[in-house]
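>>> Here is the input, now give the coordinates:
(one chain, ligands or ions: 2)
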Amino acid sequence: MSLKPIICPSLLSSDFAFLARDSNYMLECGADWLHIDVMDNHFVPNLTLGAPIVKSLRKHTKGHFDCHLMVTNPETMIEDFKNAGANSITFHIEATESRGITQKVITQIKEAGMMVALCVKPKTPIEEVFPYVDQLDFVLIMTVEPGFGGQSFMKDMMTKVKTLRSKYPNLNIQVDGGLDPSTIDFASEAGANVIVAGSALFKPNQDPKETIKLFKDSINKHSPNW
Ligand SMILES: O=C(CO)[C@H](O)[C@H](O)COP(=O)(O)O
Ligand SMILES: [Fe+2]
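Residues are numbered from 1 along each chain as shown. Ligands and ions are numbered 1, 2, ... in the order given. From the prediction side, this is the model:
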C-alpha cells in the first residue's frame, strides 16, 4: 500500500479573527486537513481554543478537522469535540498513560465515530505507543516541544519516525513543529507522510499553494524508499 501525503495547515498561525476565511483559503491551496491546536494552559503553558470555536468554524468550512489536544484531561472533551464537528482527535500519551486510561480514551474516540491518534512529546520514547498502534489511524511525533508555533524543527526526532516506519510500513505518521521547505526532506526521508505546518504556510509574502506542493512532492519522492 502506498501512503499518500496529507498536508495539515496549523490554524494556530492563522488570524483567529478570520478562522473561516483562512481555513478555506488553505483548502483552496491544496491542504488536506485543518490542524486545530487545543491548549489548556496546564498540559502546555499556552491557551488557545476549545469546542465552541470549533463548532462555529464547522458552519463555515467542510474541511477535515484534525484536532490536536494538548490538554491534561482529554477524556472530558471527546463528546464536545464530536458535537462540534471534529473528524479526528489526537491526544498525548503523557496525559493518559500514568493514569492507566490510554485504552479507554482510544475506545471513547472510536465509539464517538472519529479517527484517533496518539501523540508523543520529544522526550517520550516512541516505543510507548507500540501497544496501541494497531487501533490507531495515525501517530503524531512532535518535532518541537508542544505549546507554541514558530519553533525550530528537532531533527533528532527523525530517529523515532524511522523506528516507527520500519515497524509499521502502512501507518500514517504525522509530524508537527518546525516543518518548512528547509526541513521537509528530513521528515519525508525518515518516513513521515502527514505534515503539520503553521508558520511556513501562514507567513506573509509566501505562497502556501507552492509550499503545499513542495511538501507533497517531497513525500512522493521519498515514500518509495521507505
Ligand atoms: O502543535 C503545535 C505546537 O504545539 C503546532 O501544531 C505547531 O507548532 C505548528 O506550528 P509551526 O509549524 O509554526 O511549528
Ligand atoms: Fe499541533
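>>> Now do the buried residues in stretch 184-192.
I184, F186, A187, S188, E189, A190, G191, A192 (16 or more other CB atoms under 10 Å). C-beta here means a position set from N, CA and C on the backbone, and glycine is covered the same way.
>>> meant to ask about stretch 217-226, not that
S218, I219, H222, S223, W226.
>>> Check those against ligand 1 and report the nearest one.
Using CB to the nearest ligand atom, S218 comes nearest to ligand 1 of the buried residues of stretch 217-226, at 15.4 Å.
>>> how far away is the closest one from L164?
The gap separating S218 from L164 is 18 Å, by CB to CB, to the nearest Å.
>>> How about S14?
S14 is 29 Å from L164, by CB to CB.
>>> number of nearby residues for the closest residue to ligand 1 within the chain?
At 3.0 Å from ligand 1, G198 is the closest residue in the chain, using CB to the nearest ligand atom. Per other CB atoms under 10 Å, the neighbour tally for G198 reads 25.
>>> same question, E111
Neighbour tally, E111, other CB under 10 Å: 10.
>>> from now on call the first residue 383
In the new numbering, first residue 383, that becomes E493.
>>> what mean pLDDT does the helix ranked longest in the chain have?
Longest helix of the chain, by residue count under DSSP state H: helix 590-604. Helix 590-604 shows a mean pLDDT of 98 in the predicted model.
>>> That helix - contacts with which helices or strands?
Counting contacts by 3 or more CB pairs under 8 Å, 6 or more residues apart in numbering; DSSP states H and E, helix 590-604 is packed against strand 388-391, helix 566-572, strand 576-579, helix 581-584.
>>> Can you lay out the ones you listed as CSV showing distance to I508 and mean pLDDT?
Shown next, in CSV, are the helices and strands packed on helix 590-604 (distance: least, CB to CB, whole Å; pLDDT from 0 to 100):
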stretch, distance to I508, mean pLDDT
strand 388-391, 20, 99
helix 566-572, 12, 98
strand 576-579, 15, 99
helix 581-584, 24, 98
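>>> out of these, nearest to ligand 2?
Minimum separation from ligand 2 across the helices and strands packed on helix 590-604 (CB to the ion) falls at strand 576-579, 5.4 Å.
>>> Quickly list what F520 is bridged to.
A499, N554 (DSSP bridges).
>>> wait, it sits on I555?
Yes: F520 lies in contact with I555 (CB atoms under 8 Å); the separation is 6.7 Å.
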